[in-house]
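K.L.:
Fold the following.
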Amino acid sequence: MTRELYREDSYLRDAKARVAALTPEGGIILDSSLFYPTGGGQPGDSGWISWDNQQLSIATTVRDRDTGGIVLVPAEPRALPPVGAYVTQELDWDRRHKHMRVHTALHLLSVVIPEAVTGGQISATHGRLDFNMPDAPQDREALEDLLNHYVSLDAKVSEDWITEEELDDAPELVKTMSVAPPRGRGDIRLVRIGEATAPIDLQPCGGTHVARTGEIGALRLGKIEKKGRLNRRVYVHLDA
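P.N.:
Residues are numbered from 1 along each chain as shown. Model prediction:
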């Protein structure tokens with residue numbers, strides 16, 4: 001199993017690793033990965049690996065369904081580092097950091113619109129959540145003001161861990177209807193916004209986040225679309 005460096009420190013931009021395996025499709029599995037694999041609506045990381053005066057661009061990162069390993073997908077067909085080689089990983093940090101800002105912003109969006117979430121997607125400029133609600137929110141300006149209020153609080157973003165059994169006893173923590181927290185891989189990570197005694201938000205999440213809400217920057221509420229009889233899709237954009 002790949003050591004998940006992005007989970008230990010989401011601000012780590014480069015790190016050493018050893019090539020553990022190569023996939024038949026031309027992917028690279030390292031023994032420890034800075035690169036976040038596509039999942040939970042968050043895109044896989046991109047960047048570069050280098051070894052022996054060679055450099056390879058990484059287009060995206062995915063998780064191997066069979067082994068659970070994290071697979072780096074090269075941007076173009078080129079010679080790969082051999083198994084056992086030591087490499088240096090380097091993230092496309094600007095892209096990753098924007099994903100972190102948007103992901104944390106979506107957690108705040110789930111607070112200002114307290115409805116069940118049926119889906120979501122993250123990009124480097126904006127994100128969206130789908131909500132199980134028959135009618136669109138009426139006061140867009142008030143929602144946007146509340147989002148930016150939470151940003152202005154510069155609230156701490158932290159994590160905690162609970163067992164699967166503890167999550168079963170607290171079903172209210174799960175806001176998503178369509179995607180359940182991953183099971184069978186040990187304890188489940190909770191992402192908390194705010195203080196432990198009175199959190200703004202607390203929910204299971206495996207993605208990367210900023211350390212404080214102030215780091216998100218100004219937010220702009222985007223389109224609100226009807227997606228079926230009981231679904232509304234709400235977009236939120238980074239202003240810079």
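K.L.:
alpha carbons only for contacts and neighbour counts from here, please
P.N.:
OK.
K.L.:
gap between the helix or strand hosting Gly119 and the chain center?
P.N.:
Per DSSP states H and E: Gly119 is located in strand 117-122. Centroid separation for strand 117-122 versus its chain: 11 Å, with CA atoms, centre = their mean, to the nearest Å.
K.L.:
Over to stretch 218-230?
P.N.:
With CA atoms, centre = their mean, you get 20 Å for stretch 218-230.
K.L.:
what's the average pLDDT for that stretch?
P.N.:
For stretch 218-230, mean pLDDT rounds to 91.
K.L.:
Need phi/psi at the residue positioned nearest the centre of the chain.
P.N.:
In the chain, the residue lying closest to the centroid (CA atoms, centre = their mean) is Gly207, at 3.0 Å. Main-chain torsions, Gly207, degrees, to the nearest 10: phi -80, psi -180.
K.L.:
Check Lys98 too.
P.N.:
Dihedral angles phi and psi of Lys98 (degrees, to the nearest 10) take the values phi -70, psi -40.
K.L.:
What is the burial count for it?
P.N.:
Counted by other CA atoms under 10 Å, the residues lying close to Lys98 total 21.
K.L.:
Make sure Gly214 is actually in contact with Ala155.
P.N.:
Yes: look at Gly214 against Ala155 with CA atoms under 8 Å: they come within range, at 7.1 Å.
K.L.:
pLDDT value on the residue nearest to the centre of the chain, please?
P.N.:
The model reports Gly207 with a pLDDT of 94.
K.L.:
I'd say it and Gly40 touch.
P.N.:
Yes: counting by CA under 8 Å, Gly207 does reach Gly40; the two are 7.1 Å apart.
K.L.:
Identify the bridge partners of Thr176.
P.N.:
Val117 (DSSP bridges).
K.L.:
any idea how far Lys226 is from it?
P.N.:
Relative to Lys226, Thr176 is positioned 18 Å away (CA to CA, to the nearest Å).
K.L.:
now do Asp139
P.N.:
Asp139 is 16 Å from Lys226, by CA to CA.
K.L.:
how about low-confidence regions in the protein?
P.N.:
Within the chain, the stretches with pLDDT under 70 are 177-186.
K.L.:
80 - rerun?
P.N.:
1, 171-172, 175-186, 240 (pLDDT under 80).
K.L.:
show me where this structure has helices.
P.N.:
5-8, 93-112, 140-152, 164-168 (DSSP state H).
K.L.:
Nearest residue to His126 in space, please, no chain neighbours.
P.N.:
His237 (4.2 Å; CA to CA, 6 or more residues apart in numbering).
K.L.:
hang on, that neighbour packs against Ala124?
P.N.:
No: in this structure, His237 is not within contact of Ala124 by CA under 8 Å, at 9.3 Å.
K.L.:
which neighbours do those two share?
P.N.:
Common neighbours of His237 and Ala124 (criterion: CA atoms under 8 Å, 6 or more residues apart in numbering): Val102.
K.L.:
one step back: please give me every residue in contact with the residue nearest to His126.
P.N.:
Contacts of His237 (CA under 8 Å, 6+ apart): 102, 125-127, 219-222.
K.L.:
ok, so what distance separates it from Gly127?
P.N.:
According to CA to CA, His237 stands 7 Å off from Gly127.
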